[in-house]
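K.L.:
Prediction below, plus the sequence it came from.
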Amino acid sequence: MTSDRASFEDRIAIQDMICAVSAYGDRREFDAMYGLFAADAVFDYASLLGTSGALSLDEFRANAAKFRPAIDTLHQVTNFAIRIDGDTAEALSTVRAVTCVDDLVAENGGLYTHRLRRTEAGWRITYVRYDVVFRQGPDVFARARAKMGAESAADE
């Protein structure tokens, strides 16, 4: 295999990996989604979720569990710029997401930065940052947290 072909195959694998994260999330297949990340992955969604800085995989999962099951989403990830350096890579892309909770619908768009590492299982995401460029509509995350809290209280 030539280095050009290997580079092309890596770029497609990385793009597929990032798109799969959104697809699994949109389908609520969270275990499959989190399986695409390295165990030491770092998540920085502070600009969207108001969290303070970067979170570990376990911290991110715990935080997302407070609201994510109550939200329906549809993501479109496009405009990939991928740089590969041996067994590491960085991918820049744009995303537009529609989020819904009950009768509330909101939209946001922004810029993703993903860092990846090649493993025996293929590429895995080690870092993701989302920088919001625009928001439109109500705060569906607050509604989702309230709904999840109400459902937890009803289960007790």
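P.N.:
Nice, thanks for sending it over. Numbers count the residues shown, from 1 in each chain.
K.L.:
give me the number of residues near the residue nearest to Gly53 when sequence neighbours are not counted?
P.N.:
Leaving aside its chain neighbours, Gly53 sits nearest to Ala46 (5.9 Å; criterion: Cβ to Cβ, 6 or more residues apart in numbering). No exception for glycine: its C-beta is placed from N, CA and C like everyone else's. Neighbours of Ala46 under the rule other Cβ atoms under 10 Å: 16.
K.L.:
Can you say which helix or strand has Arg117 in it?
P.N.:
Using DSSP states H and E, Arg117 maps to strand 104-119.
K.L.:
Check which helices and strands that strand sits against.
P.N.:
Judged by 3 or more Cβ pairs under 8 Å, 6 or more residues apart in numbering; DSSP states H and E, strand 104-119 is in contact with helix 3-26, helix 46-49, strand 88-101, strand 122-136, helix 140-155.
K.L.:
same thing but 7 Å
P.N.:
Contacts defined by 3 or more Cβ pairs under 7 Å, 6 or more residues apart in numbering; DSSP states H and E place strand 104-119 against strand 88-101, strand 122-136, helix 140-155.
K.L.:
and stretch 47-56, which residues are buried?
P.N.:
Within stretch 47-56, the residues that count as buried by 16 or more other Cβ atoms under 10 Å are 47-49, 54-55.
K.L.:
Turn the residues you listed into a markdown table, including pLDDT.
P.N.:
As requested, the buried residues of stretch 47-56 are exported to a markdown table (pLDDT from 0 to 100):
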| residue | pLDDT |
| --- | --- |
| Ser47 | 85 |
| Leu48 | 83 |
| Leu49 | 75 |
| Ala54 | 86 |
| Leu55 | 85 |
